[in-house]
Every structure is written in structure tokens, then in C-alpha cells.
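Participant: sequence unknown, structure follows:
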């Protein structure tokens, strides 16, 4: 357990909470989805560490145990936070695994900071290339009405929103794929988020265009997605990211929801370990 300074402020530094298994194995950095924290990787950390990897998770600013800042919830800043983590831990030959919103950090990091420290990347149920449905992005799976409904729901009744969101997060066609205890764990993590961070990060992942970032991803890439993902639908996201990154590998997990790193942990971990071992 540690903290890294993501930003040195005039009056206060921005600290990110980090969990690091340590060791001499090749590093794997797991970047969590919205509105959770690094603890959402609980099904992956033991499997990866048991296979000999050094596993690093961290809480995005505004979430979990990291500082709740008043600004910095855009992808430029968030990718700078990731860069600070890699620099301060001096991680090299690293694999970046970005889940959902975290996939945006991976894409923006590649274009903004380069891939000198990076061996490979994984986009897991990730938001690139561009969620918003616009005139120049008709394949975007997130229309204005849905985006507005999500934002208003979060602002109007935060607890009710998180209850509904986590249900969809783990469901396929109305059937929940995890235990109630596992869903409640996700609710508890969501409640740790700062409200300003939750709202502004929602706006960021909903409206940021990563189509210009993906050509910078020139290392081996795995795109893994659940076929039943209702939160970040495969056809509008993972499928397009796979098509945009030359030579990328695609794994689609059948009948899996958005939160398939929990609901289908064995399949998720097997695909991830197979990719890492190449």
C-alpha cells in the first residue's frame, strides 16, 4: 500500500492511493472503471500475482482512497496521473489494463506520453473509440437522451442511481450474473466516490473522442468484451477499437455483462494470462 503524488499543487499535492503486490515480476497496471476503485480488481489481483506478475492497482483521483480534488477530471489530466504513477514507481515493460472508463486513460496515455515504458495494453469493456452518438460518429452507442438521463439520475438521487447502475452493470437481458453480495460490494465502492468527480468523469467518458488517440497504440493489444454488455455495448466500442488497432487480438466472452471481470472472472483471467504470456 502506498501513495504517489500525481500533481504538486501550490497549496496541496494530489495523492493517489496505490496497492502494489511488489516483487520482481513483470508489472501489470490495472485501471478501474467508473465509479469504482482499484478494489474492483479483487478477482484479478490474486490470479495475476499467483502467476508471478507484479500487480499494481490505484484509485483514480476523486474515487476510492485517493484525494478528492476540485478539478482534473478530464482525460488529459487523468492520463498525466497514470504517467506520474509509472514514473514514480519506475515501472517498465508494463502492461496497462484499462477497464471501461480506464480504457480511455490507456488510449490518451499512448498519444500524450508515448509507449516507451509499455510492453502491451488491454482494453476491457472499454469506452474507446467514442461513446457519444453524433453526426460524425453515428455508431456511437450513447445518445444524448441516455447520457442526460444518467447525469440527471446521478445528481437527483445518487444512492438510487448507483443501485440501478450496478444492477445493469452485472446484467444481461435483465438477468443478473453475480451474487447480491458482489453487487453490494460494487455499490459500496461507488459510494466512496466524490460527487463532483463522479459527475465530471461521467461527462468525460461520455463525450471524449479517442479516435485520434488509437493510432498511437502500436504495442501488442488485447480487446476483451462481454457479448451482453449493456453499459458499453460491444458493437459500438470494443468491436470498433479492435478494428482501429492493427494486429490487435479480440476476445468476446459469451453472455457476459459489463462487469465481466467479476461475473466471468475465470474466463477473463484466462484470456488475460494467455495474452500476458506471449
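Facilitator: Right, received. Where do you want to start? If you're wondering where the values come from, they're calculated on a predicted model, not measured in any experiment. Residues are numbered from 1 along each chain as shown.

Participant: Spatially nearest residue to residue 52 (excluding sequence neighbours)?
Facilitator: residue 25 (4.5 Å; CB to CB, 6 or more residues apart in numbering). Every residue, glycine included, has its C-beta placed from N, CA and C.

Participant: Wasn't that neighbour part of a strand?
Facilitator: No: Residue 25 is assigned coil when assessed by DSSP: H, G, I helix; E, B strand; the rest coil, not a strand.

Participant: Hmm, it is touching residue 53, no?
Facilitator: Yes: Residue 25 lies in contact with residue 53 (CB atoms under 8 Å); the separation is 4.5 Å.

Participant: okay, those two: which has more neighbours?
Facilitator: Higher neighbour count among residue 25 and residue 53: residue 53, with 20 against 14, using other CB atoms under 10 Å.

Participant: Distance of that one relative to residue 278?
Facilitator: 14 Å (CB to CB, to the nearest Å).

Participant: Check residue 12 too.
Facilitator: 43 Å.

Participant: likewise residue 24?
Facilitator: 20 Å.

Participant: cool, and residue 156?
Facilitator: In terms of CB to CB, residue 156 sits 47 Å off from residue 278.

Participant: Now tell me what touches stretch 219-226 from outside.
Facilitator: Stretch 219-226 is contacted from outside by 115, 118-126, 172, 232, 234, 237-239, 241-242, 245, 247-253, 255-258, 260, 264, 268, 271-272, 275, 278, using CB atoms under 8 Å, 6 or more residues apart in numbering.

Participant: Quick check: buried residues in that stretch?
Facilitator: 220, 221, 222, 223, 224, 225, 226 (16 or more other CB atoms under 10 Å).

Participant: what kind of secondary structure is the fifth one in?
Facilitator: At residue 224 the chain is in strand, as set by three-state DSSP.

Participant: ok, and the closest non-adjacent residue to it?
Facilitator: In space, residue 224 is closest to residue 251, 4.5 Å off (CB to CB, 6+ apart).

Participant: How about the secondary structure of the closest residue to residue 37 other than its chain neighbours?
Facilitator: Nearest non-adjacent residue to residue 37, counting by CB to CB, 6+ apart: residue 64, 2.8 Å away. Secondary structure, three-state DSSP: residue 64 is coil.

Participant: residues touching residue 64, list them.
Facilitator: Counting by CB under 8 Å, 6+ apart, residue 64 has contacts 17, 32, 36, 37, 38, 39, 189, 192, 193.

Participant: so where does the closest residue to the fifth one other than its chain neighbours fall, helix or strand?
Facilitator: If you skip the residues right next to it in sequence, residue 38 has residue 57 as its closest partner in space, 3.4 Å away by CB to CB, 6+ apart. Secondary structure here is read from DSSP states H and E; on that basis residue 57 sits in strand 54-58.

Participant: quick one: that strand to chain centroid distance?
Facilitator: Distance of strand 54-58 from its chain centroid, counting by CA atoms, centre = their mean, to the nearest Å, is 13 Å.

Participant: Can you give the contact residues for it?
Facilitator: For strand 54-58, using CB under 8 Å, 6+ apart, the contacting residues are 4, 16-32, 38-39, 41, 44-45, 48-49, 66, 85, 89, 91.

Participant: What subset of those residues is buried?
Facilitator: Buried among the contacts of strand 54-58 (16+ other CB under 10 Å): 4, 16-21, 26-32, 38-39, 41, 44-45, 48-49, 66, 85, 89, 91.

Participant: quick one: which of the residues you listed sit in helices?
Facilitator: The helices, defined by DSSP state H, take in 45, 48, 49, 85 from the buried ones among the contacts of strand 54-58.

Participant: Looking at these, which two lie furthest apart in space?
Facilitator: 49 and 85 (18.0 Å; CB to CB).

Participant: For residue 207, which non-adjacent residue is closest in space?
Facilitator: That would be residue 132: by CB to CB, 6+ apart, it lies 5.4 Å from residue 207.
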